[in-house]
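[1] Pasting a predicted model and its sequence here:
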Amino acid sequence: MYITLHVLPKLLIFLRDDKRCRMGLVDMYVDQNSDGNYDIVYTLKNFSMNTELSVRTEIKNKAVSVTSIFPNASALECEIYDMYGIFFSDNDDLRRTLTDPVTIAGFPMQRDFPFYGTAAAVFNKESGLIDIREITEDEYDT
């Protein structure tokens with residue numbers, strides 16, 4: 001099912017609350033469409049009836065958070081933000097969970113992401129802490 005972004009919250013509430021649907025879990029992933037924009041695919045699941053329904057919506061750089069409808073979506077939205085840079089409005093806990101924002105600038109799944117980082121996290125045996133140091137191109141393994 002392909003829908004517009006402004007219809008998404010109402011549709012998800014209906015699919016969760018209607019007694020014929022009772023979708024209780026959402027899974028999300030990102031797909032790049034033929035226009036170069038991103039689609040977010042929401043896969044809704046009902047385990048008691050063994051049913052699934054996928055809802056696809058096109059977004060530019062901002063999406064609507066569905067954490068108020070499906071609380072498990074919070075971690076999924078953080079992962080999508082961390083990898084693609086897609087911002088979810090109304091998500092109070094949107095943060096980078098997979099990459100380190102100090103050593104990695106940008107978002108790994110975007111085309112403009114640099115192949116190598118500009119800093120390295122190195123364990124300091126003397127202090128027992130992790131030091132962040134800048135690295136140069138000649139330090140890269142080729």
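    Structure received.
[2] For M83, give me its contacts.
    Neighbouring residues of M83 by Cβ atoms under 8 Å, 6 or more residues apart in numbering: 30, 98-99, 107-109. In this view, the C-beta of every residue, glycine as well, is placed from N, C-alpha and C.
[3] change it to 7 Å
    Counting by Cβ atoms under 7 Å, 6 or more residues apart in numbering, M83 touches 98, 107-109.
[4] Report the buried members of the residues you listed.
    F107 (16 or more other Cβ atoms under 10 Å).
[5] Next, format the contacts of M83 as JSON lines and append pLDDT.
    Shown next, in JSON lines, are those (pLDDT from 0 to 100):
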{"residue": "L98", "pLDDT": "84"}
{"residue": "F107", "pLDDT": "80"}
{"residue": "P108", "pLDDT": "79"}
{"residue": "M109", "pLDDT": "82"}
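[6] May I see the contacts of M83 organised as a markdown table, with secondary structure and distance to A121 added?
    Below are the contacts of M83 laid out as a markdown table (DSSP: H, G, I helix; E, B strand; the rest coil; distance: Cβ to Cβ, whole Å):
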| residue | secondary structure | distance to A121 |
| --- | --- | --- |
| L98 | coil | 15 |
| F107 | coil | 19 |
| P108 | coil | 16 |
| M109 | coil | 21 |
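[7] those strands in this protein, which residues are they?
    With strands called from DSSP state E, the chain shows them at 2-3, 25-32, 38-46, 51-59, 62-64, 87-89, 119-124, 129-134.
[8] which other residues reach the second one?
    The set of residues that contact strand 25-32 without belonging to it, under Cβ under 7 Å, 6+ apart, is 38-45, 66, 70, 72-73, 76, 80, 84.
[9] Neighbouring strands of that strand in the sheet, and parallel or not?
    strand 38-46 (antiparallel) (DSSP bridges).
[10] ok, longest helix in this protein?
    In the chain, assigned by DSSP state H, the helix with the most residues is helix 73-84.
[11] which residues of this structure score low on pLDDT?
    Across the chain, the ranges flagged by pLDDT under 70 are 102-103, 111-118, 137-142.
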